[in-house]
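Visitor: one predicted model, sequence on top.
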Amino acid sequence: MISTTSVYQTTCTVCVAIRDFFVRIYDAFVEARRLQAAMELAQHLKSHNSDYRNMSLGDIVNSIMKDK
């Protein structure tokens, strides 16, 4: 005979695994959007601000991404 406690624990384990999967997907989308925004900002700074003209685009993006 199956106890209801073991069924509940199994169901919770499956639900947690599914939730964690979707949380990781969401986190990946958020991080990708942050990187995209940093890239756009770096391009804008490089083209409009003389202080950033001599810096590489990657250095500007890395600097922006560090300021979390």
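Guide: Nice, I can see it.
Visitor: pull the number of nearby residues for Phe29.
Guide: 10 (other CB atoms under 10 Å). Placement of C-beta: from N, CA and C, glycine included.
Visitor: give me the below-cutoff pLDDT ranges for the chain.
Guide: Counting by pLDDT under 70, the chain contains low-confidence residues at 1-10, 68.
Visitor: which other helices and strands contact the top helix by length along it?
Guide: Longest helix in the chain by number of residues (criterion: DSSP state H): helix 4-48. Contacts defined by 3 or more CB pairs under 8 Å, 6 or more residues apart in numbering; DSSP states H and E place helix 4-48 against helix 57-66.
Visitor: other SSEs contacting the helix it packs on?
Guide: Contact partners of helix 57-66 among helices and strands, from 3+ CB pairs under 8 Å, 6+ apart: helix 4-48.
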